[in-house]
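Q: Generate a structure from the sequence data that follows.
(chains A and B)
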Amino acid sequence: MQRVLRVTGWSFLGLASLVALFLVYQLFITDLLNARSQAIATEELEFTLVARRAAIEVAPTSTTTTQPVENPEPLPDPLPELFLEPEAPMGTPFGRIVIGKIGLDAVLFEGVDRETLQLGPGHMPGTPLPGQPGNAVISGHRTTYGRPFFDLDQMVIGDSISVETALGTSIYTIRQILVVRPTDVWVTDPIDGAWLTLTTCNPKFSAAERLIIQAELSDGPNLDYVSSLTASVLRAAA
Amino acid sequence: MTRGQRVTVWIVGILAGLVLLYFLFEWAGALLDSGGAIP
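A: Presented below is the predicted three-dimensional model:
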């Protein structure tokens, strides 16, 4: 009997140690790993931005539309210039996201696979890059790996998000905050205008849901172009 | 089993345990915070 008690006690102690080790790893060690990745990426980003600035294209504005529009009103010709930068290679840094209200200042990476999100917030391939027309989607960890989006639930409609890429700095204003299921892929669908969608796990310490923040471009290199298109779409719909 | 072999077995066992623990923690960690991506 005493032997059974002793074995059970040691088993529980072992299990408790494992859980404690797990929590230390997830809540502290992953933060250290991420801090190192971000420090390296910050240095790399300086060089990357210089190279990417040289690759910026100005789209031919009199023929370019980003959204199919039925019976469009004549667009102003020429449209304001549309600046486009090429998508970055997977897993590489290409920009920086800053949200002063929650103290976020993190290097952005291309990709939303497990390894990339461990480095920092990641841009979902196939969606436009921040600053460009459409719906740019960025995902980030909530409670581990530097927890970039830990306080995202403190944001309210009207708050600002700043994203710096090779194009320059684009400012977004939050228009919508949602909680959806992880399978609600519609939040990544294209939207008229230029939008930024941030996605993270919800609630904290659970991956059961997704907290979604959708913000509209309110300042940046492509604002004039996007405003012209949006005005045209609104006129056509009227 | 010689002393050298015993030490080798211990080292290999500990390394294998650490690798197993890493994958276990990563798997369990994804339940806490999967990264927030929309599949």
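
Q: Doesn't A:Gly91 belong to a strand?
A: No. Remark: A:Gly91 does not belong to a strand; assigned using DSSP: H, G, I helix; E, B strand; the rest coil, it is coil.

Q: which residues touch the nearest residue in space to it that is not next to it in sequence?
A: Spatial nearest neighbour of A:Gly91, chain neighbours left out: A:Thr116 (5.0 Å); criterion: C-beta to C-beta, 6 or more residues apart in numbering or on different chains. No exception for glycine: its C-beta is placed from N, CA and C like everyone else's. Shown in contact with A:Thr116 (C-beta atoms under 8 Å, 6 or more residues apart in numbering or on different chains): A:Met90, A:Gly91, A:Phe109, A:Glu110, A:Gly122.

Q: Pairing partners for the longest strand seen in chain A, with directions?
A: Taking DSSP state E as the criterion, chain A has its longest strand at strand A:168-180. As defined by DSSP bridges, the strand partners of strand A:168-180 come to strand A:160-165 (antiparallel), strand A:209-219 (antiparallel).

Q: any idea which of these is most buried?
A: Comparing the strands paired with strand A:168-180 by mean neighbour count (mean count of other C-beta atoms under 10 Å in any protein chain shown), strand A:160-165 ranks first with a mean of 22.

Q: What mean pLDDT does that strand get?
A: Over the span of strand A:160-165, the pLDDT mean works out to 96.

Q: List of residues touching that strand?
A: A:49, A:52, A:85, A:94-101, A:108, A:129-131, A:169-174, A:196, A:198, A:213, A:215, A:218.

Q: Selection in ChimeraX covering whichever of those residues are buried, please.
A: Buried residues among the contacts of strand A:160-165 (16 or more other C-beta atoms under 10 Å in any protein chain shown), as a ChimeraX selection:
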select /A:49,52,85,94,95,96,97,99,108,129,130,131,169,170,171,172,174,196,198,213,215
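
Q: Could you name the specific helix or strand carrying residue 9?
A: You didn't say which chain, so I picked chain A. A:Gly9 is located in helix A:2-24, with elements delineated by DSSP states H and E.

Q: that's the other chain; I wanted chain B
A: With DSSP H and E as the criterion, B:Val9 is inside helix B:3-32.

Q: Please apply the same query to A:Leu33.
A: helix A:30-54.

Q: helices and strands around that helix, which ones?
A: The elements that helix A:30-54 packs onto, with contact taken as 3 or more C-beta pairs under 8 Å, 6 or more residues apart in numbering or on different chains; DSSP states H and E, are strand A:93-99, strand A:104-110, helix A:114-119.

Q: what is the mean pLDDT for that helix?
A: The model assigns helix A:30-54 a mean pLDDT of 94.

Q: Chain A contacts on chain B?
A: Within chain B, the positions lying close to chain A (C-beta under 8 Å from any C-beta of the partner chain) are B:21, B:25, B:28-39.

Q: A:Met1 - how many residues pack around it?
A: 5 (other C-beta atoms under 10 Å in any protein chain shown).

Q: gap between it and A:Gly126?
A: Distance, A:Met1 to A:Gly126, using C-beta to C-beta, to the nearest Å: 63 Å.

Q: thinking again about what came up before, separation between the residue nearest to A:Gly91 and A:Pro93?
A: From A:Thr116 across to A:Pro93, the span is 10 Å (C-beta to C-beta).

Q: Equivalent analysis for A:Arg52, please.
A: For A:Arg52 relative to A:Pro93 (C-beta to C-beta), the value is 10 Å.

Q: By neighbour count, which of the contacts of A:Thr116 wins?
A: A:Phe109 (29 neighbours).

Q: residues contacting that one?
A: Taking C-beta under 8 Å, 6+ apart, we find A:Phe109 in contact with A:41, A:88, A:91-94, A:116-117, A:119-123.

Q: Go again with 10 Å.
A: Shown in contact with A:Phe109 (C-beta atoms under 10 Å, 6 or more residues apart in numbering or on different chains): A:37-38, A:41, A:45, A:88, A:90-95, A:115-123, A:138, A:140.
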